[in-house]
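>>> Provided below for reference: sequence and predicted model.
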Amino acid sequence: MKPNSGVQRYGRWAGSIAGIVGIVGIVGLVGAACGGDGPAESASGSGSASDSQGSSGTAEASASEGASAGSSGASASGMTGTTGASATDGTAGTGTSGTSGTSGTTASESSGVVTAGTTSAGTTDGTGTTAGSTTVGPECQDDDDCPPIVEVCMVPVCDGGVCAGEPAMAGTACDQGEGVVCDGEGQCVECLADDECATKLCQLGECAPAACGDGIKNGDETDVDCGGSCPAKCEDGEGCSGGGDCESGVCTNNECKAPSCSDGLKNGQETDVDCGGSCPSKCEDGDSCEVPADCVGGICSDNTCDSPSCGDGIKNGQETDVDCGGDCPDDCADGEGCSGNSDCESDYCEGGTCKPEPGALCASAPADPETGQKCPLFAQCDTHSDCGVNKDCQLWFCNNQKRCELDALGGCGINSGGGCIADVVISQYSLPPVAKRFVPPDGVDFRELASIAFVVTNNTSKDLFIDEIPLALDTMNGGSSFDVSSTKLFEDSGKNGEHEPGSFFLCVTAKTFQFPANGLMSKCGNLNQTKVPKNGGSEQFIVNIAFAKELGYIKGRSYRLRIPSQVGFKFKEGSVFGPTFEGSKCGVPGGGFTGAWLTAEAFP
C-alpha cells in the first residue's frame, strides 16, 4: 500500500453530489414553463440536493388562481449546483411567499480538497424583498462523523471540519500478509521490537532468522551465539543443556563448568576419566596414559596402563625397590629401599634402607636382674640367649622368625588382693606379667603386650559372664593416652600371665583412654568364653595394650595398666543374654591393681 503522509481529501465525492442537485433544479424549471397557460392552472417545480452528511435543500414555487406567471428554477454546473424559485401574484401585487432552494455544495477537485459551501433560505413578498437567512455548519465536527477508511493502518480524522485520513498509531493491531502490527507510518509490519520475534531479532519491521553471530541468544543456542547447533562451544559459566554445549565438556545444572578430577568425564589434562595428567588419582590398569606416572602401577605401555610385576624393571606395586621387597619373592640388597626388616636380604632395615645387620649390642649386654631380659621383644636374634636368660617364671627365646619372644611358666605367679567375702571376689595375678622392653611398631607390624592379669571368683549359684572392666593408664617418659590404639581382653587359658598364641581373644576396645570409652572396656560378655563358673568357680584374664603400626615415634616411652577398684566391673547373669548381675563385689585394694611397665626401645 502507498503510504499516506498527511490528510487525504474527499473532493471528488462531494462534487458529484453537487452535480446531481443541479440537474434536479433544471427539471423543475422546465416543468414550470410548460404548465403556466391558464389562470386556473398552477405550476410548481422543486429541486433538492443532499451532502455526505444527509442534509438537503429544496426549492418550490406555486401560483394562486389568477396568477399571471409562476416560475421555478435551478442551476447546476460540473462543479457547483444551486437551486432557486420565486412566485408573485401578477394581479394584486401580492402573492404567497416562495422559498428559495438550497444552495448546493461547491466542490473543487483541485488538490483533492473539499471546500464547504453555505446554504441560504429567504422569503420573498410581492415586492420582491427577501427576508431572513441561515448559515449551515461544516462537513464534520469530530473524527466519529467521518466514514471508515479501507486502507490498513489508516484511520479517519476530522481536520478543520473536513474528513481526512492519517496513519494509525504505532502498535495498533493489523492483519496484512505477514504483518500483525502498525508501524505508525501507515505500514502493517511483522514486528516493532526484538522481543516480539521468536528469534529475538526485529529488523526493518521483519523478524530476522536466528544466526550464530547475531549477538543474541536465539534459535537452539544455549547461550549467546554458542551451544546447540552453533559451531562455537560455550565457556565456563554460560548456559548449556548438555556437555556437548561446553568447551569443558561439563554441564552441571544447565551451566558450563570448569573440568575437575571428579566430574566423571575425561577432560582437562586427564589421560582417562578423572585420573592421570594433573589429577592426583592415578589411572588403573587398562586406562589411557601418556607417561608411567599416570598409572597406579607406574607402567604405561602403548598409552595404556599395565599391571606391575616383579620383573618389569620398575619400582611399582608394593615393591620397596625395583622388583624387590614388598610382595616380591626377592628381598632387597643392602642400599635398596625397605619398609621393614623382612624386605631386606640382611633382615635389617634402618631409615628405609636395607643395611648389613650391625650385631645387637643388647645380646652381649648383661641380662636385666629382675626379669632376665636382654634384647627387646620383637628384636632380631640368632639364639635364645640373645633375648635373655630364664629367670623365675620368665622364658626368653628366639622364635622361628628370628625374633625375640617371651613365654612364662604357668601357675608360678603371685596372687594379691581378694581375701574377702562377697558374691564376686577379684584378685590380681602378677610376676608374670613382668616389666618388659619391646621394639616399637615399624610401619608394618603393630605391637601388643600383656600389662595386667586378674582372677574372678564366682560364689553365686549362677554362671556369670564378664562384660565390663574399669581401667586406668599410667605413662612415663613422654607417653600419652593417645599413643594407645586399643586394649584387648583374653582368657588366660595357660594361666601364665603373659600373652601367647594359646590365649583366647574375647573383646577389644579402641582408643580406650579417649572419649567416649574413657577407660572402660565394654561389650565383652557376648562369648561363652567370658564365663566364670558358679559355686566358687574362677577364671583368669589378661589385658593387653596394643600399639598401631604407625606409632614408631613412641621410642623411649613407657605405659602400664591399673584396675582402680571393683566398681565398674559388670557381669551378665545366667547367660550372655542374661540380666546384669546386681550382687556384691570385693577384692580390689584401695590403691587398685597395678600392672607391668611396657617400654618401647629402639633396636639396635
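Great, that's in hand.

>>> residues in contact with Val567?
Val567 makes contact with Pro470, Lys585 under the criterion Cβ atoms under 8 Å, 6 or more residues apart in numbering. Heads up, the C-betas are built off the backbone N, CA and C, glycines and all.

>>> same thing with the one 4 residues further on?
Contacts were defined as Cβ under 8 Å, 6+ apart; by that measure Phe571 touches Val424, Leu464, Phe465, Ile466, Asp467, Gly525, Val532, Thr580, Phe581.

>>> go again with 10 Å.
Residues in contact with Phe571 (Cβ atoms under 10 Å, 6 or more residues apart in numbering) are 423-424, 456, 458, 460, 462-468, 525, 530-532, 578-583, 585.

>>> name the nearest residue to Ser430, sequence neighbours excluded.
Using Cβ to Cβ, 6 or more residues apart in numbering and skipping the chain neighbours, the partner closest in space to Ser430 is Ile414 (5.3 Å).

>>> mind checking pLDDT for that neighbour?
What the model reports for Ile414 is a pLDDT of 94.

>>> okay, and the beta partners of the closest residue in space to Ala193 that isn't next to it in sequence?
Closest residue to Ala193 apart from its sequence neighbours, by Cβ to Cβ, 6+ apart: Cys202 at 5.8 Å. For Cys202, the beta-bridge partners under DSSP bridges are Cys207.

>>> please report the number of neighbouring residues for Cys202.
By the measure other Cβ atoms under 10 Å, the count of residues near Cys202 is 18.

>>> how close does it get to Asp223?
The spacing between Cys202 and Asp223, counted by Cβ to Cβ, to the nearest Å, is 21 Å.

>>> now do Asp143
In this structure, Asp143 lies at 50 Å from Asp223, with Cβ to Cβ as the measure.

>>> OK, contacts around Thr304?
Contacts of Thr304 were listed using Cβ under 10 Å, 6+ apart, and they are Thr271, Asp272, Cys283, Asp285, Gly286, Asp287, Ser288, Cys289, Cys295.

>>> may I ask which of the residues you listed has the most neighbours?
Ranked by neighbour count under the definition other Cβ under 10 Å, the contacts of Thr304 are headed by Cys295 with 29 neighbours.

>>> who's in contact with it?
Contacts of Cys295 (Cβ under 10 Å, 6+ apart): 271-272, 275-276, 282-289, 301, 304-308, 316.

>>> now do it against Gly317, distance only.
As defined by Cβ to Cβ, Cys295 lies at a distance of 11 Å from Gly317.

>>> can you list residues touching both of those two?
Shared contacts of Cys295 and Gly317, counting by Cβ under 10 Å, 6+ apart, come down to Ser307, Pro308.

>>> just the pLDDT for the nearest residue to Gly171 once chain neighbours are set aside.
Closest residue to Gly171 in three dimensions, ignoring its sequence neighbours and counting by Cβ to Cβ, 6+ apart: Val181, at 6.1 Å. The score at Val181 is 92. That number is its pLDDT.

>>> what do you get for Asp483?
In this prediction Asp483 is given a pLDDT of 97.

>>> burial of it, as a residue count?
With neighbours defined by other Cβ under 10 Å, the count for Asp483 comes to 20.
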